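[1] Using only what follows, build the 3D model:
(chains A, B, C and D)
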2 protein chains.
Amino acid sequence: MSHSGTSQARRADARQNVQKILDAAIACLSRNADASVSEIAQAAGVGRVTLYGHFPTRDALIEAALVRVISEGEAVLASLDLAGDPRRALRVLIESSWLLIARASAVLVAAQTALPPGRIHQLHAEPAQRVDELIRRGQTEGAFRDDLPATWLTSVLHHLLKGAALDVTNGLLEQADAPRLISETVLAAYTRADT
Amino acid sequence: MSHSGTSQARRADARQNVQKILDAAIACLSRNADASVSEIAQAAGVGRVTLYGHFPTRDALIEAALVRVISEGEAVLASLDLAGDPRRALRVLIESSWLLIARASAVLVAAQTALPPGRIHQLHAEPAQRVDELIRRGQTEGAFRDDLPATWLTSVLHHLLKGAALDVTNGLLEQADAPRLISETVLAAYTRADT
DNA sequence: TGTAAGTTGAACAGTGGTGTTTGAGTTGTG
DNA sequence: CACAACTCAAACACCACTGTTCAACTTACA
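    Below is the predicted model of the structure:
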């Protein structure tokens, strides 16, 4: 029952439930940033009390969900080959992990109102820097336009990823079409238009 | 006190308060989609009871705020000359009304959880079509790429407008820089990249 | 100036969420 | 098998918000 001391020996079903809860939390919070604890527990197929047995507060649950979704993202990003042509690298990044990044973004929104800003930045910093580096490298190598600040370009990427995910959940966009539309759009946005 | 019958004769200060409340509602809801009634009343410099004197429920207030912000948007859109070169027209549209559209978008998000979907679409339809038409015309005239569906292009515009507004409130972006960055980005996104 | 219209804070009930306790039931594990 | 670990429904206190009533007050306006 203890929340998460240095317990090495927890029963298998307990550990399994923690995972189910985190999965459910990520799913629910992606759809609705202020999903209730009951809602998440139900989605996890678990009693509300059981959830509180594993996470002391709603905020702690959100933090755990954020940690998980971000570390998942980190794992995927680390497995990718982002060297070489920045345009190709960006396309690979988007097509292989747009959904993950979008969900992470959504959970991040939920965390915004539940966690101290410092903590969020701390968790989010590492994977964010990976993307940031790619963009800056692209700029210095002349692959991406440099008439707009790098911070804005990363912001554009995030907004489009999150927006596309939102369109999918709203039925405005087919899940399968998303990666192509996103990468096609972002690459164009990163290229200076003649006019 | 009556909420809004066909009252022609209301005291001047009452009508003024209604406006102050709507202004405050738009401002608050733009920052936080589920701002409380107390919060809005306080921002309007008015007692909570007074607010309930003018709007029977929170939902009614949100609907009124949405109607107002959308009609403001309609007014601006109608005053613009969107004929001629679609690229120029789009730039004019963004630079002259990005903040308004962004706020309308934000209030729309608040309305999403407070109003029946049909009502939202009904209110939002007219100004949305104006933008939609411009984009379609740009596609058929060859000014905008047509390898991506028009619905996605409009979606991109909305996401970037809303995202930029969010960046501004988060201090990631200077208010004054926003219009240029947005229009520069959107126009590029609407142009097919070579790679 | 008189009066109706409007404003206000205090106090109320109702609702829905959070977090806790309890006590009985279930199940993994040694 | 035995028992500790775990789950869970019910019920609890607490809090924030919505929406209402009331009685005192200010103020626009004729």
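[2] contact partners of stretch A:188-195?
    Outside of stretch A:188-195, the residues within contact range by CB atoms under 8 Å, 6 or more residues apart in numbering or on different chains are A:87, A:90, A:138, A:144-145, A:147, A:153, A:156, A:160, B:87, B:145, B:184-195. Every C-beta, even on glycine, is put in place using the N, C-alpha and C of the backbone.
[3] Emit the ChimeraX select command for whichever of those are buried.
    Selecting in ChimeraX just the buried members of those, where the criterion is 16 or more other CB atoms under 10 Å in any protein chain shown, is done with this command:
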select /A:87,90,138,144,145,153,156,160 /B:87,145,184,185,186,187,188,189,190,191,193
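[4] Of the contacts of stretch A:188-195, which belong to helices?
    When DSSP state H is applied, these are split such that A:87, A:90, A:138, A:153, A:156, A:160, B:87, B:184-189 fall in helices.
[5] any chance of those in TSV, plus pLDDT and distance to A:Ile70?
    Compiled in TSV, the ones in helices among the contacts of stretch A:188-195 are given as follows (pLDDT from 0 to 100; distance: CB to CB, whole Å):
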residue	pLDDT	distance to A:Ile70
A:Arg87	98	26
A:Leu90	98	20
A:Gly138	98	23
A:Leu153	98	21
A:Val156	98	21
A:Leu160	98	19
B:Arg87	98	39
B:Glu184	98	31
B:Thr185	98	26
B:Val186	98	30
B:Leu187	98	33
B:Ala188	98	30
B:Ala189	98	27
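[6] which one among those gets closest to DNA strand D?
    In terms of CB to the nearest atom of the strand, no member of those lies closer to DNA strand D than A:Leu160, at 32.1 Å.
[7] can you tell me which residues contact that closest one?
    Applying CB under 8 Å, 6+ apart, one finds that A:Leu160 lies in contact with A:182, A:185-186, A:189, B:156, B:159-160.
[8] Residues of chain A that sit close to DNA strand C?
    In this structure, chain A approaches DNA strand C at residues A:11-13, A:36-38, A:48-49, A:52, A:56-59, judged by CB under 7 Å from any atom of the strand.
[9] hang on, the earlier thing: now, which of the ones in helices among the contacts of stretch A:188-195 sits nearest A:Leu99?
    Proximity of those to A:Leu99, judged by CB to CB, is greatest for A:Leu160, which lies at 13.3 Å.
[10] what subset of the contacts of A:Leu160 is also close to DNA strand D?
    Okay, of these, nothing touches DNA strand D (CB under 7 Å from any atom of the strand).
[11] Among those residues, which one sits closest to DNA strand C?
    When these are ranked by distance to DNA strand C (CB to the nearest atom of the strand), B:His159 comes first, at 28.2 Å.
[12] Understood, closing this out.
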